[in-house]
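Participant: Predicted model follows, preceded by the sequence.
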Amino acid sequence: MRLLLLTIFIFTLFVVSCDQYPQDDYEQFYVVETYLVAQNELPEIYLSTTAPVTSKYLFQDYAVSNASVTIDLLSDDKDSSIEQFYSYSMDQQNPGVYKPRVLHEVLPSRTYRIRIEDLPNDPSASIVGYTTVPDTFSTLSEVPDTVVYQSGEQIELKITESVNPDRQSYFIFTTISESPEFESFTPLYLDFYDEDEEDLGDYVKTSSGIVNEENFDIHPNGTLTLKYPWIGVAFFGDNLIVANTVDDNVYDFLRSQSVQLGGSTLSPGEIPNVLYKLEGGIGIFGSLAADTIRTYIKRPSE
């Protein structure tokens with residue numbers, strides 16, 4: 001799942017000082033990145049520090065080794081007791097990457113806590129975060145095996161409801177090309193692509209950004225239908241379309257990050273900080289539920 005969302009959560013974008021106006025002296029922060037996916041095994045956890053704004057961020061250069069890392073399954077909400085805990089160990093071949101010691105299938109609609117302790121050079125420090133995993137859902141509509149690009153037969157996704165008693169559901173749709181070649185670019189992305197400045201792989205995964213449940217057609221039986229926008233398709237050929245419903249942490253991170261990247265009319269001194277939802281560190285401890293469909297995007301001239 002890190003592969004699905006990594007294009008959204010680019011570590012170099014939270015080279016912290018989000019109080020950059022004016023730029024203060026650099027302060028180092030611990031950075032966490034991991035996403036629990038409902039009904040998938042526990043994921044790897046990436047732990048590093050931030051880099052000064054004058055330095056290029058490469059994970060391996062700022063990886064944090066030999067910390068104590070645990071994920072707890074709680075009995076109820078974030079203030080409840082631990083029902084089960086799952087310890088992690090660092091991958092000796094990849095410093096800063098921590099893997100679970102035992103298998104556990106992430107449970108939907110349950111709350112998990114991450115605990116990171118015994119941090120190098122600061123043994124008294126710790127990082128704590130919580131996530132409530134979204135309820136699962138499934139795709140109901142039969143998407144055609146082949147769809148002609150920008151034809152009247154637009155890709156239509158019909159899904160079951162992801163139940164959340166506290167709020168509407170938030171979705172992110174990611175299109176993943178299975179045949180990413182220069183000759184396969186759709187016209188829009190061919191115009192975007194700068195061969196001298198960019199890597200073709202940067203376009204393999206494209207994201208819709210956050211789509212609120214209210215943007216769907218909501219049917220009396222609770223199912224939802226969304227017409228998938230053509231702007232989300234970067235390559236002709238075989239494509240995977242992954243529908244993700246996200247927790248509060250991912251939602252808050254993305255909407256606050258978009259403001260940092262210019263997604264508002266606020267002046268620099270008024271821009272609020274990115275919302276990380278972690279105590280003792282920054283980054284993202286989030287969760288989601290996902291379902292995937294496959295289709296072939298055909299050129300209109302074929």
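Facilitator: The structure has been received and is ready for your questions.

Participant: Mind jotting down where the helices sit in the stretch 151-300 of the chain?
Facilitator: With helices called from DSSP state H, counting those that start in this stretch, the stretch 151-300 of the chain shows them at 187-192, 248-260.

Participant: just these: most buried one?
Facilitator: Ranked by mean neighbour count under mean count of other CB atoms under 10 Å, the helices of the stretch 151-300 of the chain are led by helix 248-260, which reaches a mean of 19. C-beta: built from backbone N, CA, C; applies to glycine.

Participant: and that one, what other elements does it pack with?
Facilitator: Helix 248-260 sits against strand 127-132, strand 170-177, strand 205-212, strand 282-298, with contacts defined as 3 or more CB pairs under 8 Å, 6 or more residues apart in numbering; DSSP states H and E.

Participant: Quick one: the ones you listed as a markdown table, columns for distance to E195 too.
Facilitator: Formatted as a markdown table, the helices and strands packed on helix 248-260 follow (distance: least, CB to CB, whole Å):
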| stretch | distance to E195 |
| --- | --- |
| strand 127-132 | 40 |
| strand 170-177 | 17 |
| strand 205-212 | 18 |
| strand 282-298 | 22 |
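
Participant: Select from the ones you listed the stretch with the lowest mean pLDDT.
Facilitator: Mean pLDDT across the helices and strands packed on helix 248-260 is lowest at strand 205-212; the value there is a mean of 87.

Participant: Direction included, what does that strand pair against?
Facilitator: Strand 205-212 sits in its sheet next to strand 170-177 (antiparallel), going by DSSP bridges.

Participant: which other residues reach the strand it pairs with?
Facilitator: 4-5, 8, 157, 184, 203-213, 226, 228, 232-235, 237-246, 250-251, 254, 288 (CB atoms under 8 Å, 6 or more residues apart in numbering).

Participant: Put together a markdown table for the helices and strands packed on helix 248-260, with mean neighbour count and distance to V97 on each row.
Facilitator: Below are the helices and strands packed on helix 248-260 laid out as a markdown table (neighbours: other CB atoms under 10 Å; distance: least, CB to CB, whole Å):
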| stretch | mean neighbour count | distance to V97 |
| --- | --- | --- |
| strand 127-132 | 22 | 16 |
| strand 170-177 | 22 | 22 |
| strand 205-212 | 16 | 21 |
| strand 282-298 | 22 | 14 |
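
Participant: and of those strands, who's closest to T146?
Facilitator: strand 282-298 (4.5 Å; CB to CB).

Participant: what is the orientation angle of that closest one with strand 127-132?
Facilitator: Orientation check (axes from the mean of the first three to the mean of the last three CA atoms, to 10 degrees): strand 282-298 against strand 127-132 gives 40 degrees.

Participant: just checking, what packs against strand 282-298?
Facilitator: Against strand 282-298 (3+ CB pairs under 8 Å, 6+ apart) you get strand 30-37, strand 127-132, strand 146-148, strand 237-246, helix 248-260.

Participant: gap between the shortest one and the chain center?
Facilitator: Yep, that's strand 146-148 we're talking about. The chain centre lies 28 Å from the centre of strand 146-148; the measure is CA atoms, centre = their mean, to the nearest Å.

Participant: That one pairs with which strands, parallel or anti?
Facilitator: strand 282-298 (parallel).

Participant: still on that earlier bit, nearest to E302, of the helices and strands packed on strand 282-298?
Facilitator: The minimum distance between E302 and the helices and strands packed on strand 282-298 falls on strand 146-148, with 7.9 Å, by CB to CB.

Participant: Can you tell me the number of residues neighbouring R115?
Facilitator: 18 (other CB atoms under 10 Å).

Participant: Pull up the per-residue confidence for it.
Facilitator: We note a pLDDT of 98 for R115 in this prediction.

Participant: Turn the helices of the stretch 151-300 of the chain into CSV, including mean pLDDT and distance to Y149.
Facilitator: Formatted as CSV, the helices of the stretch 151-300 of the chain follow (pLDDT from 0 to 100; distance: least, CB to CB, whole Å):
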stretch, mean pLDDT, distance to Y149
helix 187-192, 92, 9
helix 248-260, 80, 27
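
Participant: As TSV, those helices with distance to Y130 would be great.
Facilitator: As requested, these are exported to TSV (distance: least, CB to CB, whole Å):
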stretch	distance to Y130
helix 187-192	38
helix 248-260	8
